[in-house]
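Undergrad: Give me coordinates for this.
(chains A, B, C and D)
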Number of protein chains: 2
Amino acid sequence: MNRSSRPGKRSAYHHGDLKSALRSAAATLMAERGVDTVSLREIAQMAGVSHTAAYRHYADKEAVMADLAEAGFRELSATMGQVIAATRGGVTRKLQAAGGAYVRFGVEQPHLLQLMFGPAISDWQCYPALVEASDALYATLTDIIKSGQEKGKFRAGDPRDLALAAWSLVHGLALLICGRRVTGSDDALFVEHASQRVTALLIEGLTVK
Amino acid sequence: MNRSSRPGKRSAYHHGDLKSALRSAAATLMAERGVDTVSLREIAQMAGVSHTAAYRHYADKEAVMADLAEAGFRELSATMGQVIAATRGGVTRKLQAAGGAYVRFGVEQPHLLQLMFGPAISDWQCYPALVEASDALYATLTDIIKSGQEKGKFRAGDPRDLALAAWSLVHGLALLICGRRVTGSDDALFVEHASQRVTALLIEGLTVK
DNA sequence: GCCCAATGTTGACAGTGGAAACATGTCTTC
DNA sequence: GAAGACATGTTTCCACTGTCAACATTGGGC
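TA: As a prediction, this is how the structure comes out:
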């Protein structure tokens, strides 16, 4: 939309692009201190606007968080896709690498993971884009399982079942680690090793002997 | 008011046993509507006392929630213990049954699970009893793994690693289901079957061939 | 019978999400 | 160009929240 007399640079409206400013402010605060402790007023203040300005761009606070969560899902899907593509070797290796990326994502951004899977967003039906992003993540996993089945590497059966097992495993592990429920959660090396050992066990069960 | 000159029974102070009244009120409200949406004032009202009475028994709102979470851990540990004892057959069967119990617990009490593993309690170090209850759950799982290893059923290695894998799996599955992230989450039969199929895959990887 | 500590109440305060009314800058249409 | 129309941001207000301080009540130990 070219709405300005100034070419080259987008002319500032009142603020410029407040929506993305709000989004990044929210992301920053949320990453630092968690979902519950960040207020809409603080987000607005960080973006340099009044505390109700956000309502011109979001229905309510939850909508802001849903936006963040959606971005999280897309980022995670993209990261896993890259890792799968970049990992050399068979599907088995690729799957394990993808699992490792999932856990790493969760450990590096624990608050974001909590937002994506926690109760902060009460009714997902209100955010179709969010549902779609979450489904895309599931699809990424299902695809690699399918690919492994076609190559005769993974056992037969509904790929969604196998994908659900893989998802559950890495998801649970990430949450347990970033919830400090297992000793050594702080140690990055421990995390890497634990995620490898744990995923190896499941892959053993997935693989055709 | 409940006058307290009842003989034979412990005389009620002002309220009787306000702490447990608060606890059960909090549990009821939390189970219905989730952690975030329940207020301390509402809990107090349900218990029939003034909105600050809780501060004579709990340091703050978080302490009430920590109490609930601890009870949740103890209940879950106990349930799994019973299921393990009641299930006939080898350790493999017992482990799978325990996993099913874990998932069922989470699906039946999603808000409680969110409280136990979510960000509602910010600093666990403040609640040693809670940490202990959580560790006891981990220990329950580790024990059955150990027992399986001693019988030569499960592969060798640090039992805590194998237990972590099992825990991650059922934990992740429970959260994904009660977060409605997989289709069919509402169907109890689906949940039962999914949890069986998923745990069977991991057990395949755990078992010695 | 009296005092004290434990327990419960009242009232206040700062902070929150959100609605309504108002202000302001930009775009479209003459 | 001038004049609405409209999107955007502000001010003001409200109900509600968690928490603190001061006050009231009551039962058990002396």
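
Undergrad: is DNA strand C contacted by the longest helix belonging to chain A?
TA: If you go by DSSP state H, chain A has its longest helix at helix A:61-86. Yes: against DNA strand C, helix A:61-86 shows contacts by CB under 7 Å from any atom of the strand at A:Lys61, A:Glu62. No exception for glycine: its C-beta is placed from N, CA and C like everyone else's.

Undergrad: Just the buried positions in that helix, please.
TA: Buried residues in helix A:61-86, defined by neighbour count with 16 or more other CB atoms under 10 Å in any protein chain shown: A:61-74, A:76-77, A:79-81, A:83-84.

Undergrad: Skipping adjacent residues, who's closest to the residue of chain A found nearest chain B in space?
TA: Closest to chain B within chain A is A:Gly172: 2.8 Å, counting by CB to the nearest CB. Leaving aside its sequence neighbours, A:Gly172 sits nearest to B:Gly172 (CB to CB, 6 or more residues apart in numbering or on different chains; 2.8 Å).

Undergrad: Please state the mean pLDDT value computed over the helix or strand that neighbour falls within.
TA: Using DSSP states H and E, B:Gly172 falls within helix B:159-178. Mean pLDDT, helix B:159-178: 97.

Undergrad: same for that helix, what does it pack against?
TA: helix A:159-178, helix A:188-206, helix B:91-108, helix B:110-117, helix B:128-150, helix B:188-206 (3 or more CB pairs under 8 Å, 6 or more residues apart in numbering or on different chains; DSSP states H and E).

Undergrad: Could you check how far the longest one is from the centre of its chain?
TA: The gap between where helix B:128-150 is centred and where its chain is centred comes out at 13 Å by CA atoms, centre = their mean, to the nearest Å.

Undergrad: Just the buried residues of it, please?
TA: B:130-131, B:133-134, B:137-138, B:140-142, B:144-149.

Undergrad: May I ask you to confirm that A:Ser77 is in contact with A:Tyr138?
TA: No: counting by CB atoms under 8 Å, A:Ser77 does not reach A:Tyr138; the two are 9.4 Å apart.

Undergrad: was I right about A:Ile145 contacting A:Ala165?
TA: No: look at A:Ile145 against A:Ala165 with CB under 8 Å: they stay out of range, at 9.2 Å.

Undergrad: Now the common contact residues for the two.
TA: Common neighbours of A:Ile145 and A:Ala165, counting by CB atoms under 8 Å, 6 or more residues apart in numbering or on different chains, are A:Leu206.

Undergrad: I'd like to know how far A:Glu192 sits from A:Ile144.
TA: Here A:Glu192 is placed at a distance of 20 Å from A:Ile144 (CB to CB, to the nearest Å).

Undergrad: Over to A:Tyr55?
TA: 42 Å.

Undergrad: how's chain A carved up into domains?
TA: Chain A is divided into the following domains under automatic domain parsing: A:14-58, A:66-206.

Undergrad: Tell me which of these sits most buried.
TA: domain A:66-206 (a mean of 19; mean count of other CB atoms under 10 Å in any protein chain shown).

Undergrad: Which secondary structure state does A:Ala59 sit in?
TA: Three-state assignment for A:Ala59 (DSSP: H, G, I helix; E, B strand; the rest coil): coil.

Undergrad: So what does it look like in phi/psi?
TA: Main-chain dihedrals, A:Ala59, degrees, to the nearest 10: phi -60, psi -40.

Undergrad: who's in contact with it?
TA: A:Ala59 touches nothing, counting by CB under 8 Å, 6+ apart.

Undergrad: where does it land on pLDDT?
TA: 96.

Undergrad: Could you do the one 10 residues further on as well?
TA: Here the pLDDT value assigned to A:Ala69 is 98.

Undergrad: wait, doesn't it sit right on A:Leu115?
TA: Yes: contact criterion CB under 8 Å: A:Ala69 and A:Leu115 qualify, at 5.2 Å.

Undergrad: Quick check: A:Thr183 is in a strand.
TA: No: A:Thr183 is assigned coil when assessed by three-state DSSP, not a strand.

Undergrad: any weak-confidence spans in chain A?
TA: A:1-14 (pLDDT under 70).

Undergrad: A:Gln196 contacts A:Gln96, doesn't it?
TA: Yes: judged on CB under 8 Å, A:Gln196 makes contact with A:Gln96 at a distance of 7.0 Å.

Undergrad: looking at it, A:Gln96 is touching A:Thr199, isn't it?
TA: Yes: between A:Gln96 and A:Thr199 there is a contact under CB under 8 Å: 5.0 Å.

Undergrad: Tell me, how many residues neighbour A:Val208?
TA: Using other CB atoms under 10 Å in any protein chain shown, A:Val208 is surrounded by 11 other residues.

Undergrad: contacting residues for it?
TA: Here A:Val208 is in contact with A:Gly152, A:Lys153, A:Phe154, A:Arg155 (CB under 8 Å, 6+ apart).

Undergrad: go on, A:Asp161?
TA: With contacts taken as CB under 8 Å, 6+ apart, A:Asp161 has the following neighbours: B:Ala194, B:Arg197, B:Val198.

Undergrad: My guess is A:Ala136 contacts A:Phe73. True?
TA: Yes: using CB under 8 Å, A:Ala136 is in contact with A:Phe73, at 7.0 Å.

Undergrad: if I look at the residue lying closest to A:Thr142 once chain neighbours are set aside, how far off is A:Gly81?
TA: Distance criterion CB to CB, 6+ apart; nearest residue to A:Thr142, sequence neighbours excluded, is A:Ala163 at 4.2 Å. The gap separating A:Ala163 from A:Gly81 is 15 Å, by CB to CB.
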